[in-house]
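1. fold the following and give me the result.
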Amino acid sequence: MTNAYVDNHMEGPQVWKGFSQGNNVNLVVANIYAPPDGLLGAGIFRGVYSEPDYYTYDASSGTKLIVGKVKTKSALPSAKTHQPSDSEVINYKAFDDLPLLDPTQVEERQTNAMELMVNGKKIHKQNINQNMKLKYLHEDLSRYNNVILERTSPGVYAIQVLCHEDDLCCNLIYEYPAEEPEDIVYMLIAYSGIVEHGEGLYLQYVQVCGAVLCLNETIDSCGHFEDAYVPDSAFRAYSLSGTFGDRYIYPSVFTDALQLFSAEKWNYTLNESPDHYHAIIHLHEEVNDLSTLNLYGRWFSRDPNH
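-> Okay, here's the model as predicted:
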């Protein structure tokens, strides 16, 4: 697929990985390389068997040819369409032995200076455009419902639920390890409705559940990594799930080092019921420096120009 994708609320690799994983297909993407215009990233995304992807997302790399092997659905006799097995469905009883968050244990945070990891090196995010020469567009998140993910004591997990229109409800299971910096802020966001792309030229009906890293406790600071430093984070998410109106849901896990979290360390399942689709990202390992944990749904039949 040839593309001219401009980074906005999600970076290119997130979008393509989500499409590949959510649709249970392999996807080859050739994106225009023009970082000053926000055009960056290309790759081979192997969603059929959740294998590691071959991709580039480096504003200093120049044009590259990416070559890799993929397995097709016919390669293994047991290949099936995107439906979960009993072993893939999250067993929430597995958390019964863990203590729940005590609201009295929540500690106040202070916003300090932050920094960013790029290609394994920390850079000042106020200089991200100078260092990476990459343009970012930012979606208006003020329309999103949002809630700050309050701290837990070491070994204590919390369950946060947040809903929006159209019976969209998001459920996150998470904890903050003891070594988590005090100035880290994560939010759970939820939205169901119209978003505008291309300066309003394209109107799309989307449904979003996400856990996002923010610079402070305001929703407008989420995703604005060019504005400040971000300290190393060990925020631990166990799972993110949501109830959606249509089956077209694209999962992704992205770090603030601008890298996809290895597909071997998380899985995505989709359960269909008479009144909704229940999508789940289940993480098997801790994500260091999580930027975005996202379920991005498209409700094509509700697009205004449909």
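
2. gap between the helix or strand hosting Ala158 and the chain center?
-> Per DSSP states H and E, Ala158 falls inside strand 158-163. Chain-centre distance of strand 158-163: 17 Å, with Cα atoms, centre = their mean, to the nearest Å.

3. what's the first helix or strand after it?
-> That would be, after strand 158-163 and using DSSP H and E, strand 169-175.

4. buried set for the helix or strand following that next one?
-> Heading C-terminal from strand 169-175, the first helix or strand you meet, by DSSP H and E, is strand 185-197. Neighbour counts over strand 185-197 (16 or more other Cβ atoms under 10 Å) mark Val185, Tyr186, Met187, Leu188, Ile189, Ala190, Tyr191, Ser192, Gly193, Val195 as buried. Any C-beta I mention is one placed from the backbone N, CA and C, and that applies to glycine too.

5. I figured the first one hits Ile148, correct?
-> Yes: counting by Cβ atoms under 8 Å, a contact exists between Val185 and Ile148, whose distance comes to 6.6 Å.

6. what residues are shared contacts of the two?
-> Common neighbours of Val185 and Ile148, using Cβ atoms under 8 Å, 6 or more residues apart in numbering, are Glu217.

7. quick one: which helix or strand includes Gln14?
-> Under the criterion of DSSP H and E, Gln14 resides in helix 12-22.

8. can I get the CA coordinates of the very next helix or strand once past that helix in CSV?
-> On the C-terminal side of helix 12-22, the nearest following helix or strand under DSSP H and E is strand 26-31. Taking Å, rounded to 0.1, in the frame of the first residue of the first chain, the C-alpha atoms of strand 26-31 are listed here in CSV:
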residue,chain,number,x,y,z
ASN,A,26,-0.1,-8.8,6.6
LEU,A,27,0.4,-5.2,5.4
VAL,A,28,3.2,-3.7,3.3
VAL,A,29,3.3,0.1,3.5
ALA,A,30,5.4,2.5,1.4
ASN,A,31,5.0,5.9,2.9
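
9. endpoints of stretch 297-305, how far apart?
-> 18 Å (Cα to Cα, to the nearest Å).

10. other residues contacting stretch 60-74?
-> 26, 33, 42-44, 46, 48-49, 51, 54-56, 79, 132-133.

11. show me where the stretch 51-200 of the chain has helices.
-> Under the criterion DSSP state H, counting those that start in this stretch, the stretch 51-200 of the chain carries helices at the ranges 128-132.

12. how about low-confidence regions in it?
-> 74-138, 178-183, 198-200 (pLDDT under 70).

13. how does it look with 50?
-> 76-131 (pLDDT under 50).

14. returning to what we had before: which other helices and strands contact the helix holding Gln14?
-> Contact partners of helix 12-22 among helices and strands, from 3 or more Cβ pairs under 8 Å, 6 or more residues apart in numbering; DSSP states H and E: strand 26-31, strand 42-46, strand 249-255, strand 266-272, strand 290-298.
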